[in-house]
Each structure stands twice: as C-alpha cells, then as structure tokens.
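*Asks:* With the input below, show me the fold.
(2 chains)
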Amino acid sequence: MHIAITLADNKGLESSISSVFARCPFYILIDPKTKIFTIEENPAQNASGGAGVKAAQWMIDKEATAVITGNLGPKAHDVLSSANMPAFKSQGGNIEETLKAYNEKELESFFEPNVDAHSGIQK
Amino acid sequence: MIITVASGKGGTGKTTIATNLAWTISHMQEAEKKSPTWLIDCDVEEPNAALFIHPTFEKEKKVERQLPIINQDQCTGCGVCVDVCEYNALAVAGGKTLFFKELCHACGSCVLNCPEGAIHEISETIGLLQRGSSDLLKFAHGILEIGWSSPTPIIRDLKKWIIPKQPQVNSTYILDASPGTTCPVVESFRGADFALLVTEPTPFGLHDLALVAELIFKEFKIPPGIVINKSGRGDEIIEKFASEKKIPILMRVPLSRDIAEAYARGTLLVDAFPKYKGQFIDLHKKISEMIRERQPKR
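*Replies:* Model (predicted):
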C-alpha cells in the first residue's frame, strides 16, 4: 500500500512538499511504513481545465490509499470522497516529518474542500 | 464585408469604435438601399454595445447544447469515457462515473464511445440571442447564461443566425469581439474580411495588441488595421510596432475627459461630437480599400 504526497520538486526523499494538489509538478507514491517510493510526473499539471479531476483520477488509478496535500478544491474533493480516499492536510516540513505525523494520526483530514476551484493555477 | 473589431486588452475602446463605425456606415447609405449594416456584439460574456445603440429587439432565439446523462445502473465504471474526455469532465470513483458539467464542452465523445450505451444526451439552454434594430442600424447580440463558461457556441450560433452564407453585396457586418485572444475571439474572426485592432498607447495595450496581431498573421490571412484610442501620450510605442509589422494606423481618438463623459452617459461619439462622423466615414473608406486591394483582380 502507498499514499500520495504532492511535491514541488523531484529530489527523492529530500523533495519539498507542494501545497498545490492538482498543478504541482510531481507526486511521490510512498509506503508510509517501509518508505519504499516512486516519484512520478503529474499528468494533470498543465491540463487546460479539470486538473483537479484528472489528478484525483490518477491517484485512484494508482491505487493510493490516502493523499497528503496543502489545498484541495471542490471537484478533486468530490472525486476523492466518491472513491473513499482520505485526504490529509500537510503541515509543512519534509517528507520524513510528514510521514511521521501521518503514522501517528496527527494530520488533519479534509472533510470539505479548503480552496475554490482554480486555486492551483499560477498567478 | 465583415469587419471584426478586437484588441487583446480589455478597455481599449473596441465597443466605442465598433458602435460608432457601424452607426456611421448605416447612416451613410440611403434608406431605400437594400444593403443592411449590422452590428453584432460577440462579447457574449459581457455584451454592452446595446447600451450605446439602444436597439428595439424583434426576435429571440435560445442557444442549446447537448449534455451527457449517465445511467449509473448500466455503467460498469470501465473508464472509457474518462479516457476520451479531452476536458477532464468525467471521473470514475467508487464504482460510479462522476460528471462535472462546468468542464464539459459538449463534444459528445463520451456518448459515442461508451461500450455499454449508458450515456445519452439532453438539451440544456446555455444562452440567448436577440436581434433588432435602432434607426437604420441592424443590431444583434448573444448573452451567455449565468453559470456557464463556454461563450464560443453562442458566438457561432449568433453569426449563423445573422450572417447568410452568401452575404448581399454592399451589406456590412461589424463584429465587436471580446477581449483576449482565446477561442471566443478566434470564432469572432472566422469568416471576417478585415481585422480592426483597437489599442491604447500603453505597454499593456501594446503587449496585447501584439498577441492579437500574431493571431491574425498566423491563423487568418486578412488585412489588419490599427486604431489608437486614448491617443496623445506614448503613441510612439504603437507607431514603432505598426511600422515593424507593416500594419497601417487608420485612426486616432484622443484621450479626453469629454469623450469619457459621453461614453459614461451611453452616448455615441458621433452624436456627442459630430466632427467624428467624417473620421469614421474615412475609416470605413480606408478599410474598404484595403479589402478590395486584397481581393484577386478579375
């Protein structure tokens, strides 16, 4: 089993976590216990529209069991919650610290979207 | 003759130029002549030309589009529709297919490709077209329904409703496009004979003028001409661009408080300041000549 975390760059376990759900450049798929991971490019990053839907679909197809990100918009939230995939709010810090917080159930869950649609588009 | 008025940047004076040009042309011709002048406001997200033309509308028409409806009982959650949707309007999650109508472009791919026949279409109204006249000028515009985000189908239907496939000789259509250089503007240029580019002498005006000029050069082989609105200070940057790109500057309207006040009252420039009538007649003449020069000689 693995969970998905949104990344701002691709530096293995040293990568920075992105607060952007659908338009971040990379995702890490990582087993929270064994820390075995792969980093993949986000296919939705440059979608002309519906990036949130596409990114959420990608995570479902990758069989992620949970998502950790900073901001989650309404459409992505709809898709993830239909798939019963829990989403958690990142608290800053690196991947190591985030996984620790996740394993100790310290991360806050997204019961509803926290940003409007299009919030991940770079201004 | 179809003239599309565009600018790239918003607020440069497209509507001012389009309304005054259309009004002037319609009043140049003798009333009994059977060659109408139309002003078509293609900025369907924010149509405002009617505020200056004060038309009486005689006909209305709804714009509809086909939206998919998914029969969840028949759907197996195979995801074929998700794969064929270019606009990410569909997702399969928790064994059912979710549809986001605000992302849908009504292309029909999901309906065609569903292996279970679980998707059918229904009509939804997405906008309204209105046509009428004001004195000698014929006028039409489209209004995108609130909550919808795709203006292009409205513009397409609006043009089809007003402009015949073989327009009458001597009839003139002035199309007031929306700001930007995206699909709605491209649709407003389709079939046009001339691109009238309205700009202001600021770095922002120039930046977006360059974008719309590039669109014309790349996608449409029609002659362009520039109108500098709010002219007076900084015209050099536009002049430099125009001479580099060999686009003639056809007219200038000065930056003036009087003009702004007349605009704010919803008055046409040619009514508030009759001296501009001659300038718009001249603009029309220059455009007609440029179109004629472009046409192959017989």
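
*Asks:* what separates whichever residue of chain A sits closest to chain B from residue A:33, distance-wise?
*Replies:* Per CB to the nearest CB, residue A:50 is where chain A lies closest to chain B, at 2.6 Å. Glycine gets a C-beta too; all of them are placed from N, C-alpha and C. Distance from residue A:50 to residue A:33, counting by CB to CB, to the nearest Å: 34 Å.

*Asks:* between those two, who's got more neighbours?
*Replies:* residue A:50 (26 against 9; other CB atoms under 10 Å in any protein chain shown).

*Asks:* In space, what's closest to that one - neighbours in sequence excluded?
*Replies:* Sequence neighbours aside, residue B:88 is the residue nearest to residue A:50 in space, at 2.6 Å (criterion: CB to CB, 6 or more residues apart in numbering or on different chains).

*Asks:* Contacts made by whatever helix or strand residue A:96 lives in with the rest, please.
*Replies:* Residue A:96 is part of helix A:95-103 when elements are defined by DSSP states H and E. Applying CB atoms under 8 Å, 6 or more residues apart in numbering or on different chains, the contact partners of helix A:95-103 are A:3, A:5, A:13-15, A:17, A:28, A:30, A:32-33, A:35, A:66, A:68, A:88, A:90-91, A:93, A:107.

*Asks:* Can you select the buried ones from those in ChimeraX?
*Replies:* Selecting only the buried entries of those in ChimeraX, with 16 or more other CB atoms under 10 Å in any protein chain shown as the criterion:
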select /A:3,5,15,17,28,30,32,66,68,88,90,107
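
*Asks:* and stretch B:285-298, how far from the chain's centre?
*Replies:* Distance of stretch B:285-298 from the chain centroid (CA atoms, centre = their mean, to the nearest Å) equals 23 Å.

*Asks:* Buried ones in it, by neighbour count?
*Replies:* B:287, B:288, B:290, B:291.

*Asks:* okay, those in JSON lines with distance to residue B:189 next?
*Replies:* Listed next are those as JSON lines, based on distance: CB to CB, whole Å:
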{"residue": "B:287", "distance to residue B:189": "15"}
{"residue": "B:288", "distance to residue B:189": "19"}
{"residue": "B:290", "distance to residue B:189": "16"}
{"residue": "B:291", "distance to residue B:189": "14"}
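
*Asks:* in which helix or strand would I find residue B:125?
*Replies:* strand B:119-134.

*Asks:* After that strand, which helix or strand is next? Please name it.
*Replies:* Assigned by DSSP H and E, the successor of strand B:119-134 is strand B:137-144.

*Asks:* quick one on the thing from earlier: send the alpha carbons of the strand holding residue B:125 over as CSV?
*Replies:* In CSV, the C-alpha atoms belonging to strand B:119-134 read as follows (Å, rounded to 0.1, in the frame of the first residue of the first chain):
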residue,chain,number,x,y,z
ILE,B,119,-24.7,7.7,-21.7
HIS,B,120,-27.4,9.7,-23.5
GLU,B,121,-27.7,13.4,-24.1
ILE,B,122,-30.2,16.0,-23.1
SER,B,123,-30.6,19.6,-24.2
GLU,B,124,-29.8,22.5,-21.9
THR,B,125,-30.2,26.2,-22.6
ILE,B,126,-26.8,28.0,-22.3
GLY,B,127,-27.6,31.3,-23.8
LEU,B,128,-29.9,33.7,-25.6
LEU,B,129,-29.6,35.5,-29.0
GLN,B,130,-31.5,38.8,-29.7
ARG,B,131,-31.8,40.8,-32.9
GLY,B,132,-33.5,44.0,-33.8
SER,B,133,-32.6,47.5,-34.9
SER,B,134,-32.0,51.0,-33.9
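
*Asks:* and it, what other elements does it pack with?
*Replies:* Contacts defined by 3 or more CB pairs under 8 Å, 6 or more residues apart in numbering or on different chains; DSSP states H and E place strand B:119-134 against strand B:56-70, helix B:109-113, strand B:137-144, helix B:152-162.

*Asks:* Give me the mean pLDDT for it.
*Replies:* On average, the pLDDT along strand B:119-134 is 96.

*Asks:* Then stretch B:197-204?
*Replies:* Stretch B:197-204 comes out at a mean pLDDT of 97.

*Asks:* Compute the first-to-last residue distance for it.
*Replies:* 14 Å (CA to CA, to the nearest Å).

*Asks:* What residues sit buried inside it?
*Replies:* Those would be B:197, B:198, B:199, B:200, B:201, B:202, for stretch B:197-204 by 16+ other CB under 10 Å.

*Asks:* cool, and stretch B:225-245?
*Replies:* B:225-231, B:234-235, B:237-238, B:241-242.

*Asks:* what residues does the strand holding residue B:125 touch?
*Replies:* Residues contacting strand B:119-134 (CB under 8 Å, 6+ apart): B:44, B:53-71, B:81, B:108, B:110-111, B:138-145, B:148, B:150, B:153-154, B:157-158, B:161-162.

*Asks:* Quick check: bridge partners of residue B:3?
*Replies:* residue B:174, residue B:194 (DSSP bridges).
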